[in-house]
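K.L.:
just a sequence and a predicted model for now, questions to come.
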Amino acid sequence: MDTLLNNLDIFVIGFRNTLLLFIVSAVVALVLGTIIGAMRVSPVPVMRAFGTIYVNLVRNTPLTLIMFFFAFGYPKLGLPTISYLNLATIALSLYTATYVAEALRSGINTVPVGQAEAARAIGLTFGQSMSLVVLPQAFRAVVPPMMNVFIALLKNTTVAAGFSVAEAGTIRANLSERGEPALVVLLWVAAIFVVLVMILSLAQRRLENHWKVA
């Protein structure tokens, strides 16, 4: 307990940035992933092609390489300067959005085709039928896989530690300078991550119970 209590400042800063990275990236990835997922099932060939290329290109690229580009490649493009924390958020959002899109696409495929056909029959456009008929049902079907995506996102935030972002992944390095035992520090970091994952799992169960179909 001494390792934790004597270094609360480092733990608080690290996990505060971790939660900031996670929350902002999750919201952006959910919005972007929903758009990409809808494009993947769009009747417009150009939109389908864009969604497919984006998902296959970004999802098959290691997250470390994406982080590397935003940390070292972006500043060389002559664009406005952005903090490493914001660059890490963008990288995590773009990467996680591909998994959100695929999870949502699997949920869209579970919705009976007759639902979309009925929506079109009453005059709804593709966007209206997706937002009012298909997506609400798809989200209910993909709560478990979607929550798994966000749990993976929470753990992926530690990759940002290698690119000058002071989050949970940097706690061990910072405390080693104070002479704290590395193993104890890592165990505390792991324990806090377990607590955060348990909170997400609890949220998943509550959503499943709230949205389940009798």
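P.N.:
That came through, no problem.
K.L.:
burial count for Thr158?
P.N.:
The local packing count at Thr158 equals 19, with neighbours defined by other CB atoms under 10 Å. (Each C-beta comes from the backbone N, C-alpha and C, glycine too.)
K.L.:
so, low pLDDT: which residues of the protein?
P.N.:
Across the chain, the ranges flagged by pLDDT under 70 are 1-8, 161-181, 211-214.
K.L.:
so where do the strands sit in it?
P.N.:
Using DSSP state E, the chain contains no strands.
K.L.:
what residues of the longest helix along the chain count as buried?
P.N.:
For the chain, the helix that runs over the most residues, judged by DSSP state H, is helix 8-40. Of all the residues in helix 8-40, those buried under the rule 16 or more other CB atoms under 10 Å are 10-11, 13-15, 17-18, 21-22, 24-26, 28-30, 32-40.
K.L.:
likewise stretch 142-160?
P.N.:
Result for stretch 142-160 [16+ other CB under 10 Å]: buried residues 142-143, 146-151, 153-154, 156-160.
K.L.:
return the residues in contact with Arg205.
P.N.:
Taking CB atoms under 8 Å, 6 or more residues apart in numbering as the contact definition, Arg205 lies against nothing.
K.L.:
looking at the buried residues of stretch 142-160, which is nearest Thr96?
P.N.:
Checking the buried residues of stretch 142-160 against Thr96 with CB to CB, the nearest one is Leu153 at 4.8 Å.
K.L.:
quick check: closest non-adjacent residue to that closest one.
P.N.:
Using CB to CB, 6 or more residues apart in numbering and skipping residues adjacent in sequence, the residue nearest Leu153 is Thr96, 4.8 Å away.
K.L.:
try Thr64
P.N.:
Ranked by CB to CB, 6+ apart and with sequence neighbours excluded, the top spatial neighbour of Thr64 is Val159, at 6.1 Å.
K.L.:
Leu63 is in contact with the one you found, correct?
P.N.:
Yes: in this structure, Val159 sits in contact with Leu63. The criterion is CB atoms under 8 Å, and the distance is 5.5 Å.
K.L.:
need the overlap of contacts for the two.
P.N.:
With the criterion set as CB under 8 Å, 6+ apart, the contacts of Val159 and Leu63 do not overlap.
K.L.:
which non-adjacent residue is nearest Leu104?
P.N.:
Take Leu104 and drop its neighbours on the chain: the residue closest to it by CB to CB, 6+ apart is Gly37, 3.7 Å away.
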